[in-house]
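Colleague: no sequence for this one, just the structure:
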């Protein structure tokens, strides 16, 4: 009987480098205020990204802003945050050294990993162009 590669669970060792450590997070209120104040914005259908360059040795950092305006249900807000963090973990190695705040846009819409990932990757060149000016 053949085993398909899709049915095998991915082991932790195979996910090497896909961590979301404390150094990869924007945590303080002052950092959020700085990014919102000085950052450039790129908007897609599903997400809005605010970005500023940083000089952290850890590379890109992520902050999430998912409020009750997105959904009054904590279940939906937490699911959106999990998906956004997962996308960030997978594309972090390809990102420049930026501080990012990501905001989901469509109220109550369930985000899918593939939609968010493709949109995020399409917004990165727009942010790079704006930050280069």
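Modeller: Nice, I can see it. Everything numeric in this text was worked out from a predicted model, so none of it was measured. Numbers count the residues shown, from 1 in each chain.

Colleague: Name the single longest helix found in this structure.
Modeller: The helix spanning the most residues in the chain, taking DSSP state H as the definition, is helix 113-132.

Colleague: Give me the buried positions along that helix.
Modeller: In terms of neighbour count (16 or more other CB atoms under 10 Å), helix 113-132 has its buried residues at 115, 116, 117, 119, 120, 123, 124, 126, 127. The C-beta positions use only the backbone N, C-alpha and C, and glycine is treated the same way.

Colleague: Run through who's touching it.
Modeller: With CB atoms under 8 Å, 6 or more residues apart in numbering as the test, helix 113-132 has contacts from 40, 42-47, 49, 51-53, 83-84, 86-87, 90-91, 95-96, 98, 102.

Colleague: Please list the members of the residues you listed that lie in helices.
Modeller: Using DSSP H, the members of the contacts of helix 113-132 that fall in helices are 83, 84, 86, 87, 90, 91.

Colleague: Closest to the centroid, which residue in this protein?
Modeller: residue 88 (4.1 Å; CA atoms, centre = their mean).

Colleague: Could you tell me which residues make contact with it?
Modeller: Counting by CB under 8 Å, 6+ apart, residue 88 has contacts 20, 24, 60, 62, 100, 102.

Colleague: Low-confidence regions, this protein specifically.
Modeller: Low-confidence segments of the chain, defined by pLDDT under 70: 1-23, 108.

Colleague: All the strands of the protein, in order from the start?
Modeller: Assigned by DSSP state E, the strands in the chain fall at 40-43, 47-53, 61-64, 98-104.

Colleague: any idea which of those strands is most buried?
Modeller: Of all the strands of the chain, strand 98-104 has the most neighbours on average by mean count of other CB atoms under 10 Å, namely a mean of 22.

Colleague: Tell me which other helices or strands that one touches.
Modeller: helix 29-38, strand 47-53, strand 61-64, helix 74-91, helix 113-132 (3 or more CB pairs under 8 Å, 6 or more residues apart in numbering; DSSP states H and E).

Colleague: I'd like to know which elements the shortest one is packed against.
Modeller: Where contact means 3+ CB pairs under 8 Å, 6+ apart, strand 61-64 is packed against helix 29-38, helix 74-91, strand 98-104.

Colleague: Kindly compare burial across those and name the winner.
Modeller: Most buried among these, counting by mean count of other CB under 10 Å: strand 98-104, with a mean of 22.
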